[in-house]
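A.B. asks: Here's my sequence, what's the structure:
(2 chains)
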Amino acid sequence: MPRKVAIVATGQTKHVAKRTDVNLRELITEAVTRALDDAGLRMQDIDAVMLGNMEPFEGFLLPELWSVEGWGGLGKPAMKFNTGGTVGASTAIAAYYFAASGMYDTILAVGFEKQSEGHTQTAITTVGDPLWERTMMAGAIGNFAVMASTYVHESGVTEEHAAKIAVKSRRNACNNEYAHLQMPNLTVEEVLASPYLAYPVRRLDFCPQSDGACALVLAEESKAKKLARQPAWIKAVATAHDQQYMGDSPKRLADMRSQRAASQRVYKACGISDPVKDLDVAEIYEVATYAELAMYENLGFCQPGQAGKLIDQGVTTMDGALPVNPSGGVLATNCIGATAMIRVAEAALQIMGRAGKRQIPNARLALATGYGGNAWTDALILARE
Amino acid sequence: MAEKTGKPEKKKDDGLKVPWRLNVEYEYAAGYFATRFFRELRDTGRIWGVRCPSCQRVYIPPRPVCGICAAKTAEWVEVSDEGVIVGCTVVNVPFIDPMTGEQRPVPYGFAIIRLDGASTALYHFLEETDPKKLAVGKRVKAVFRPERQGTMLDIKHFRLLE
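C.D. replies: Got it, this is the predicted structure:
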């Protein structure tokens, strides 16, 4: 039996387009310091450290080595993860495994990215097999646009549905002091007036590039109870992968095999049969508006083809039955190595009742997801008990 | 490959910036399956996939193992140079072309295409760059280059059939 493990503290930087005042190590130090202060711990109290980052984006090989003093790694057990969009959640899940197994009691997990310093889209294009896909790829945007076109065809969602997601995200982000894109007055009309990056995806349908870092402190049961008044208990974790090539699952976004597999596994582990009813809040990894709509279907929030109705009815808004991304989500902040960890941190803050202006009242059960690489999904369920 | 140059500092509290530029070349082994595929494409203009003996899926790109059945693929199967669009876009944002290090001209049409006889679909360029004329389900045909080198770009792009 795995030991009970909880997230007891979080730390985030204020995510922005460019942090020109700090280097990568200093950015990491900020998030780590905040998480340790939040837990009331010193670096010496941490047994092991898990790190997440996509090093090709900044052009640093082994950034964890260069930044070792920022995360207190000297002489400690540590591992670095590099799994694309999922990396922050994969890093959190790895920290969970180490604590649940009994190997370590108190673990620091850190995700970080300074997108402003490198060539993220060029690096993302190298995800493609050089023989078959790389020639035609256009970073994350082109890939997502192609997938979105299939999803629109399959589901019948409209540009207006997508625009409503864009507005929800950037308005929610105004309640999150760490969020990058905060647009309190954004309207559906403005989203629909923004130019196409790649049809059908408009500029305001897509996430920004951000600089930011996120850190979590995880602890096994007895320590967790001492370190946090209300720990965010990790009830279930899952990762699932898809096949290699984009065209292997031609309806990739419409039928996200990895997202269905990972979410069904964590739902089953927690006895969740109706996610909209059973979950109190979800922090999901949606890099584009169409992705969020597709995820509503693939995470079981609605039947296939009903995602547009879900946003029309306000089910996923702050006062809906299942608020999705009170933080503003990835559409408001994307510092890739940190992004999926921010989903976990935000879900944890909701469970701890410490999410400030974005708090969902009485949140007891939360879903956090990561998505990326080539259509891989991570999923976690956090709970009060 | 990537290029990054220092920009003038705007705010006076900004720190120093260190410009760094990288120009590197890679050479990848195509492997057994792709070597055979691309030699056929170059020499005969024909497109081949491999069939999974268990589920009968025909895979393009050809590969040694069916991911779904974990069965070794065995049989080469010729597929058509015509197919159907399963996803499409017109890209308007300039990207660095990772094959050349140069910026790729925009706009360009880009699609996932399932060739007749194949179970999986391929990424490729579309000749059409007007999104209003493109749609999932429309039929397309490969337009080959006169001089073929043994790469995916031996197919210049796909042209709408109707």
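A.B. asks: which stretches of chain B aren't confidently modelled?
C.D. replies: B:1-13 (pLDDT under 70).
A.B. asks: Chain B: helices as residue ranges?
C.D. replies: With DSSP state H as the criterion, chain B has helices at B:31-44.
A.B. asks: from it, which residue is nearest to chain A?
C.D. replies: Minimum separation of chain B from chain A (Cβ to the nearest Cβ) falls at B:Ala121, amounting to 3.2 Å. (C-beta placed from N, C-alpha, C; glycine too.)
A.B. asks: For A:Asp274, give me its contacts.
C.D. replies: Counting by Cβ atoms under 8 Å, 6 or more residues apart in numbering or on different chains, A:Asp274 touches no other residue.
A.B. asks: what about A:Arg25, which SS state?
C.D. replies: helix (DSSP: H, G, I helix; E, B strand; the rest coil).
A.B. asks: How many residues are close by it?
C.D. replies: A:Arg25 has 16 neighbours, counted by other Cβ atoms under 10 Å in any protein chain shown.
A.B. asks: now the residue in the stretch 151-300 of chain A that chain B sits nearest to: how far from B:His124?
C.D. replies: Closest residue of the stretch 151-300 of chain A to chain B, Cβ to the nearest Cβ: A:Gly247 (3.2 Å). With distances taken as Cβ to Cβ, to the nearest Å, A:Gly247 is found 10 Å from B:His124.
A.B. asks: Comparing the two, which residue is more hemmed in?
C.D. replies: A:Gly247 (28 against 25).
A.B. asks: Using the three-state scheme, assign that one.
C.D. replies: Under three-state DSSP, A:Gly247 comes out as helix.
A.B. asks: Where do the strands of the stretch 151-300 of chain A begin and end?
C.D. replies: A:196-198, A:201-202, A:211-220, A:232-240, A:281-283 (DSSP state E, counting those that start in this stretch).
A.B. asks: lowest confidence element among the helices and strands of chain A?
C.D. replies: Every helix and strand of chain A was ranked by mean pLDDT, DSSP states H and E. The lowest is helix A:120-125, at a mean of 78.
A.B. asks: Show me what that helix is packed up against.
C.D. replies: Counting contacts by 3 or more Cβ pairs under 8 Å, 6 or more residues apart in numbering or on different chains; DSSP states H and E, helix A:120-125 packs against helix A:55-58, helix A:139-155.
A.B. asks: Show me what the longest one is packed against.
C.D. replies: Contact analysis of helix A:139-155 by 3+ Cβ pairs under 8 Å, 6+ apart lists helix A:120-125, strand A:196-198, strand A:201-202, helix A:289-298, strand B:82-91, strand B:108-115 as its packing neighbours.
A.B. asks: Could you pull out the residues contacting both of A:Gly247 and B:His124?
C.D. replies: Common neighbours of A:Gly247 and B:His124 (Cβ under 8 Å, 6+ apart) are B:Ile113.
A.B. asks: For the closest residue in space to A:Tyr267 that isn't next to it in sequence, give me the pLDDT.
C.D. replies: Distances taken as Cβ to Cβ, 6 or more residues apart in numbering or on different chains place A:Pro275 nearest to A:Tyr267, at 6.5 Å, with adjacent residues excluded. pLDDT for A:Pro275: 98.
A.B. asks: just the strands in chain B please.
C.D. replies: B:47-51, B:58-59, B:75-79, B:82-91, B:108-115, B:122-126, B:139-144, B:155-160 (DSSP state E).
A.B. asks: Tell me which residues are up against stretch B:144-152.
C.D. replies: Identification of contacts with stretch B:144-152 by Cβ under 8 Å, 6+ apart yields A:131-132, A:135-136, B:38-39, B:41-43, B:45, B:81, B:124, B:153-156.
A.B. asks: Mind checking which of those are buried?
C.D. replies: Among these, those classed as buried by 16 or more other Cβ atoms under 10 Å in any protein chain shown are A:Leu131, A:Trp132, A:Thr135, A:Met136, B:Phe38, B:Leu41, B:Asp81, B:His124, B:Asp154, B:Ile155.
A.B. asks: tell me the most buried of the helices and strands packed on helix A:139-155?
C.D. replies: Mean neighbour count (mean count of other Cβ atoms under 10 Å in any protein chain shown) peaks for helix A:289-298 among these, with a mean of 28.
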